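Undergrad: structure, please.
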Amino acid sequence: MQWGMANRLAQLIQADGHALFLPVDHGYFQGPTRKLEVPRQTIEPLLPYADALFITRGVLRSSVDPDHAKPVILRVSGGTSMVGKDLANEGLTTSIEEALRLNASAVGISIFVGSDYEKETLLNLARLVDEGERYGMPVMAVTAVGREMAKRDARYLALACRIAAELGARVVKTYWCPDFEKVVTGCPVPVVMAGGPQVNTELEVFEFVHDGLEKGSIGVNLGRNIWQNDLPVAMIKAIRALVHQKATPKEAQEIYDSEKGKGKKRS
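TA: Predicted coordinates:
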């Protein structure tokens, strides 16, 4: 591996082999998402506890101070929205040169396996990998599912992750699911977890994150489960303990509960 590529990956994946990525890129297709309406207000309190931000160039420039930044995974795919016909019809929106100007540690792109635009998004990934390898820039592939959430099972996600790795992604972001070990085992590059199923309590989040880590994920790429929580700082501290301190779900819950009296809930 060339030095630049290895160095950028080392910025993202910590010395213990694990990583906590904080995605705040949801506005690129959702607009002012709940509790991400003012990105700077959401990002700043959480930044000390994240290993990297997954973010668009516009929000990076407007909402993250360059002298207090963390490593950046730059979102470089888009072109669709929640009100459009098909979220899967994405293209590349940002060049590798722009990622280099912004000192990104990686770039991220969604693929929509099984959609009408499967071929286009997979070829987007392949082209991005070609460019990334030329400049020593890792590519993180996101196994997006659009509106078809029923596809979040191990067989489907294992297929999507393996294809992403085969096309050259250095890291794959995918959803937690039952039998998650089947997803990780079939993917020869590091896997980070996005959100899991809809749950009603913090403990259930801690449980699926812990399960995924036990089954081989190197970490998480959790957004709404953190910053849409009433106590986002407490939540990210608890998730960080799971990722980097091998905490149990019960211990993570204790960390979350201990933070309750230290600050007001965010409206």
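Undergrad: ok, and the closest non-adjacent residue to the spatially most central residue of the chain?
TA: The centre of the chain sits closest to residue 221, judged by Cα atoms, centre = their mean, with a distance of 3.3 Å. Sequence neighbours aside, residue 21 is the residue nearest to residue 221 in space, at 4.2 Å (criterion: Cβ to Cβ, 6 or more residues apart in numbering). Glycine gets a C-beta too; all of them are placed from N, C-alpha and C.
Undergrad: what comes into contact with the helix or strand encompassing the one you found?
TA: Using DSSP states H and E, residue 21 sits within strand 19-23. Residues from elsewhere that reach strand 19-23 (Cβ atoms under 8 Å, 6 or more residues apart in numbering): 12-13, 43, 46-47, 49-55, 73, 173, 190, 192, 194, 218-223, 226-227, 236, 239-240, 243-244.
Undergrad: give me the pLDDT value at the closest residue to residue 259 other than its chain neighbours.
TA: Of all residues not flanking residue 259 in the chain, residue 234 sits nearest, at 3.4 Å (Cβ to Cβ, 6+ apart). With respect to pLDDT, residue 234 has a value of 97.
Undergrad: how long is stretch 1-17 from one end to the other?
TA: 17 Å (Cα to Cα, to the nearest Å).
Undergrad: what sits up against that stretch?
TA: Stretch 1-17 is contacted from outside by 19, 21, 51-52, 71, 73, 105-106, 133, 135-138, 170-171, 190, 218-219, 244, using Cβ under 8 Å, 6+ apart.
Undergrad: now it, how far from the centre of its chain.
TA: 17 Å (Cα atoms, centre = their mean, to the nearest Å).
Undergrad: how about that stretch: buried residues?
TA: Within stretch 1-17, the residues scored as buried using 16 or more other Cβ atoms under 10 Å are 5, 8, 9, 11, 12, 13, 14.
Undergrad: low-confidence stretches in the stretch 101-250 of the chain?
TA: 146-151, 196-197 (pLDDT under 70).
Undergrad: repeat that with 50
TA: For the stretch 101-250 of the chain, no stretch has pLDDT under 50.
Undergrad: could you pull out the strands for it?
TA: 106-111, 139-143, 171-174, 191-193, 219-221 (DSSP state E, counting those that start in this stretch).
Undergrad: output these in CSV; the columns should cover distance to residue 121.
TA: Below are the strands of the stretch 101-250 of the chain laid out as CSV (distance: least, Cβ to Cβ, whole Å):
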stretch, distance to residue 121
strand 106-111, 5
strand 139-143, 9
strand 171-174, 14
strand 191-193, 19
strand 219-221, 18
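Undergrad: tell me the buried residues in the lengthiest helix in the chain?
TA: Ranked by residue count under DSSP state H, the longest helix found in the chain is helix 118-135. By neighbour count with 16+ other Cβ under 10 Å, helix 118-135 contains the buried residues 120, 121, 122, 124, 125, 128, 129, 131, 132.
Undergrad: which of those residues sits closest to residue 162?
TA: residue 122 (12.0 Å; Cβ to Cβ).
Undergrad: check contacts around the nearest residue in space to the closest one that is not next to it in sequence.
TA: In this structure, residue 122 finds its nearest non-sequential neighbour in residue 111, 5.7 Å apart by Cβ to Cβ, 6+ apart. Residues in contact with residue 111 (Cβ under 8 Å, 6+ apart) are 118, 121, 122, 124, 125, 141, 142, 143, 144, 160, 163, 164.
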